[in-house]
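**Student:** let's see this in three dimensions:
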Amino acid sequence: MATMAVFGAEPAPTARRGDIAVPTDAEIAAFKTKWEDGKTTYNFSGGFEPRSLGWKDRIRAAQSGRIPFRVTAYFEKSMMVGARMRSSLMDGTAFIVILNEAGEVVVSRRENLLKLCPS
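**Tutor:** Below you'll find the predicted structure:
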């Protein structure tokens, strides 16, 4: 199960690279992916998918038993300016924690959100 979220109730932890705590079920339930005030909307979206692989990479992946994947995320600010909606990508840090089926941490790292943008 993968969970992507932003806007936690507390500030982001000051963890070192590779030293990120796994969020609890209560923390995951408290995450928001959309926040609005009267004029501005902030949206966060994220996910992961298998990478596109050439035939040589497919053979290597099959031999290793690992599935290469790509994590994507964006954090966008939208606001009305006159009669038009203006949007811009926001900078920030994504805290990525990936668990295996036994609940053990496989990958734990921080990435700049602009590097994870799918476009």
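**Student:** let me know the pLDDT of the closest residue to Gly92 other than its chain neighbours.
**Tutor:** Closest residue to Gly92 apart from its sequence neighbours, by Cβ to Cβ, 6 or more residues apart in numbering: Leu113 at 4.6 Å. Quick note: C-beta positions are derived from backbone N, CA and C, even for glycine. Here the pLDDT value assigned to Leu113 is 87.
**Student:** need the pLDDT of the residue nearest to Val22 when sequence neighbours are not counted.
**Tutor:** Nearest residue to Val22 in three dimensions, chain neighbours excluded: Val97, at 5.3 Å (Cβ to Cβ, 6+ apart). pLDDT, Val97: 86.
**Student:** got it, and Met1?
**Tutor:** Reported pLDDT for Met1: 39.
**Student:** now do the one 4 residues further on
**Tutor:** Among the per-residue scores, Ala5 shows a pLDDT of 47.
**Student:** which intervals of this structure have sub-threshold pLDDT?
**Tutor:** 1-19, 119 (pLDDT under 70).
**Student:** related to what we said a few turns ago, tell me which residues touch the residue nearest to Gly92, please.
**Tutor:** Neighbouring residues of Leu113 by Cβ atoms under 8 Å, 6 or more residues apart in numbering: 73-75, 89-94.
**Student:** among those, name the buried ones.
**Tutor:** Buried members of those, counted by 16 or more other Cβ atoms under 10 Å: 73-75, 94.
**Student:** which one of those residues is nearest Asp25?
**Tutor:** Top of the list for closeness to Asp25, among the buried ones among the contacts of Leu113 and by Cβ to Cβ, is Ala94 at 20.0 Å.
**Student:** what segments of the protein are helices?
**Tutor:** 25-30, 55-64, 113-116 (DSSP state H).
**Student:** out of these, which is closest to Tyr42?
**Tutor:** Closest approach to Tyr42 among the helices of the chain is made by helix 113-116 (12.2 Å; Cβ to Cβ).
**Student:** which parts of that closest one are buried?
**Tutor:** 113, 116.
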